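*Asks:* Kindly return the folded structure for what I paste below:
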Amino acid sequence: DDVDLGLARRNDSSQDVREQELLRMLVECQALYPEELSESHRDYLSRHCSRVVERAEELTGGRVEVRSDALVLVMPASRELPEGLVCGFPDATTLDWVTLAMIDALCPGATGFHRVSADRVLVAAADIAPDAAERAQRLLPEGVAVVADHRDLLGLGIDAVVLTTPDDTHEELACFFLEAGIPVYLEKPLAITIEAADRILEAARRTGTRLYVGHNMRHMEVVRLLKSIIDSGRIGEVKAIWCRHFVGNGGDYYFRDWHAERRHVTGLLLQKAAHDIDVMSWLARSAPARVVGMGGLMVYGEAERRPAGTSAGTVMQDWFSLEHWPADEVDGLNPVIDVEDHSMLMMTMRNGVMTSYQQCHFTPDYWRSYTVIGTRGRAENLGDGAGDVVKVWTERTEHYAERATQEYVIAEEGTGHDSADQLAIDEFLRFVRDGGATEVSPVSARDAVAAGVLATRSLRSGSVPFDVPELDAELADYFHRGQHNSH
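*Replies:* From the prediction side, this is the model:
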C-alpha cells in the first residue's frame, strides 16, 4: 500500500545536502492553500515545480501529488526515506494561523512555498517627496492613503510599519513608532552610528514593541545553500570566509543621490557592506570582534557632477540605465561625493574565524562571490542568482579544478534580492502577528553597524584596526529570546 508523507524533517547526516533540500522543499511545509484555489494557480505551481518534483520522485521512488489541501509525496510503504529524513506530522494548531490566498512562488532557501496571506492590507504611506501622491496613485493599490508627515500614520489604523527611508533617519523614525507601540520593519542598516543602533534596540526592549531589521539576504537561496553545506559538516570546521562584491550598478545606485554623502550613510562599508557582514556572521556562527578597513574614492571623484540644488529624480528608477558606462565617462552624479567607491575590510570573528570583504562600484558586472574555507574543503558560489552554481571542493589537487567534488544549481524564482525581499516581508508579518524566532537578528544587525562604522573609521585613519564593542548582555539576551522579557 502507498503511504502519504505530509511532512519530513532533516536530521544531520552525510546525505547529499541538495537532495535533502529538494525533498524538504516538497514535503516539509505541506504548502496548504484553500479549497477554492483556481486551476490557473495549480498550473502555475506545477509549471514551476516540475523539475524539483521529478528529482524528488527519482530519489524516493514515489510520486508527488498536488491536492486541494496539501502538496504530498506518496511512496510505497516498503520504501525507506533517504537517510537523514525522518517522517512525522505537525500538530494541526501550528498551521491554524494561515489563511492562504494563493501560492505564488517557489521559496528561495528551499524552505517550502511562498504563501501570501489574505489578511494583509496596505493601508497608508508617508513620503515627503513632492510627487509622492502621483507615484502612489501609479504604484500602490487603490485606496492607500498618502500623507506627508509620518506622525499622521498613527491615526490611520495601522498594525505595523515598514521604514525604507534614508539611513540617517532610521533612529528617529524607528524610535517614534516603537514608542507608539507599532511594530517596525526597519530597512538595513539599522543605523549609521553604533550609539544610534543601540538606542533603537533599547527602545524596542523598553516598549516591548516588535522590531525586525531588513537583512533579507538571509533568505537568499545562494546564502541558504552555502549555510546548508556548512551545517552538513562537509567542508569541516569553518576557518575563513571571503566575500568579493562586484557592484556594477554602483554609479547609479550609490553616487547619484544621498548615498554618496557621509552625513547620510557614514560610508559604503556600512551602507552596502552591512548585508555581507551580517551574512558572514551568520555563516561563521559568530560576531565581529576586530576590524580593519582600506579603500578610497578612485573613479567617481573625478566624474562630472550635476549642479548643487538639482536632483537626478525622486527614486532610483528615475535615473537608472545600463547605458551609464564606462565608469570613467559617467556624468550627472551627486553634487557632493565624499564616500569611497572601492573599499575592503578584514574581520576577526569572536570564535576565531577570519573574514574579508571587498566592494567595487565601477565593475561592469553586478554580483557577489562568497568563498567559505573549512578544515575539510571549501565552498564557493559562481554567480548568485537562479541557475548559477555553488561548488564544493573536498579533494586535494595541484591546480584549479573547474569540476568540483559537488556542484549545486541555485534554484529560485525571480532574482535573489527580490525573492528575498518578499520572504523577509512575509517573515516580518508572521512575527508581528505571532511572535517567535526569526531568521534575521537585530543583534547581528547592530553588530554589522558596529563593524561597518569601525571599518570605515579604520579606512579613513590609515587602516588602524579597531575592536568591535559587544552589545550590552541583557539587551542582547532580550533579542536572543525572541524579544520576550524574562519576567
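*Asks:* Distance from the chain centre to the helix or strand hosting residue 291, please.
*Replies:* Element membership for residue 291 (DSSP states H and E) is strand 288-296. Put simply, strand 288-296 sits 22 Å off its chain's centre (Cα atoms, centre = their mean, to the nearest Å).
*Asks:* Which of the residues in it are classified as buried?
*Replies:* 288-295 (16 or more other Cβ atoms under 10 Å). In short, each C-beta sits where N, CA and C put it, glycine included.
*Asks:* Also stretch 184-198?
*Replies:* Quick answer for stretch 184-198 (16+ other Cβ under 10 Å): 184-194, 196-198.
*Asks:* Dump those residues to TSV, plus pLDDT.
*Replies:* Formatted as TSV, those follow (pLDDT from 0 to 100):
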residue	pLDDT
184	97
185	97
186	98
187	97
188	97
189	98
190	98
191	98
192	98
193	98
194	98
196	98
197	98
198	98
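*Asks:* any idea which of the buried residues of strand 288-296 is closest to residue 251?
*Replies:* residue 295 (16.3 Å; Cβ to Cβ).
*Asks:* Report the contact partners of the closest residue to residue 349 other than its chain neighbours.
*Replies:* Nearest non-adjacent residue to residue 349, counting by Cβ to Cβ, 6 or more residues apart in numbering: residue 286, 3.9 Å away. Neighbouring residues of residue 286 by Cβ atoms under 8 Å, 6 or more residues apart in numbering: 349-351, 353.
*Asks:* quick one on the thing from earlier: ok, so of the buried residues of strand 288-296, who is nearest residue 127?
*Replies:* For the buried residues of strand 288-296, the nearest to residue 127 is residue 295 (32.9 Å; Cβ to Cβ).
*Asks:* The buried residues of stretch 184-198 in strands, which ones?
*Replies:* Taking DSSP state E, the ones among the buried residues of stretch 184-198 that sit in strands are 184-187.
*Asks:* my guess is residue 382 meets residue 370, correct?
*Replies:* No - with contact defined as Cβ atoms under 8 Å, residue 382 does not reach residue 370; the gap is 10.4 Å.
*Asks:* List only those of the contacts of residue 286 flagged as buried.
*Replies:* Of those, these count as buried by 16+ other Cβ under 10 Å: 349-350, 353.
*Asks:* Between the residues you listed, which sits nearest residue 175?
*Replies:* residue 350 (28.2 Å).
*Asks:* What values do phi and psi take at the closest one?
*Replies:* Main-chain torsions, residue 350, degrees, to the nearest 10: phi -70, psi -20.
*Asks:* Tell me the pLDDT of it.
*Replies:* On the pLDDT scale, residue 350 is placed at 98.
*Asks:* how about it, what does it touch?
*Replies:* Per Cβ under 8 Å, 6+ apart, neighbours of residue 350: 286-289.
*Asks:* mind running it again at 10 Å?
*Replies:* Shown in contact with residue 350 (Cβ atoms under 10 Å, 6 or more residues apart in numbering): 281, 284-290, 447, 468, 470.
*Asks:* Check the residues you listed and tell me the two furthest apart.
*Replies:* Farthest pair in the contacts of residue 350 (Cβ to Cβ) is 285 and 290. Separation: 17.3 Å.
*Asks:* which residues in the stretch 351-487 of the chain form helices?
*Replies:* For the stretch 351-487 of the chain, the helices defined by DSSP state H, counting those that start in this stretch occupy 416-434, 442-459, 473-480.
*Asks:* on that earlier part again, show me which pair in the buried residues of strand 288-296 is furthest apart.
*Replies:* 289 and 295 (20.9 Å).
*Asks:* so where is the chain shaky, pLDDT-wise?
*Replies:* For the chain, the stretches with pLDDT under 70 are 1-61, 63-120, 413-417, 486-487.
*Asks:* need the contact list for the residue nearest to residue 128 when sequence neighbours are not counted.
*Replies:* Nearest non-adjacent residue to residue 128, counting by Cβ to Cβ, 6+ apart: residue 148, 5.6 Å away. By Cβ under 10 Å, 6+ apart, the contact list for residue 148 reads 126-130, 132-133.
*Asks:* ditto for residue 306
*Replies:* Residue 306 touches 256, 312, 331-335, counting by Cβ under 10 Å, 6+ apart.
*Asks:* can you check residue 268 too?
*Replies:* Counted by Cβ under 10 Å, 6+ apart, residue 268 has contacts 247, 250, 253-255, 259-260, 262, 274, 295, 339-343, 359, 361, 452, 456.
*Asks:* let's see 6 Å
*Replies:* The contact partners of residue 268, by Cβ atoms under 6 Å, 6 or more residues apart in numbering, come to residue 339.
*Asks:* what do you get for residue 335?
*Replies:* Here residue 335 is in contact with 305, 308 (Cβ under 6 Å, 6+ apart).
*Asks:* how much space between it and residue 260?
*Replies:* Here residue 335 is placed at a distance of 9 Å from residue 260 (Cβ to Cβ, to the nearest Å).
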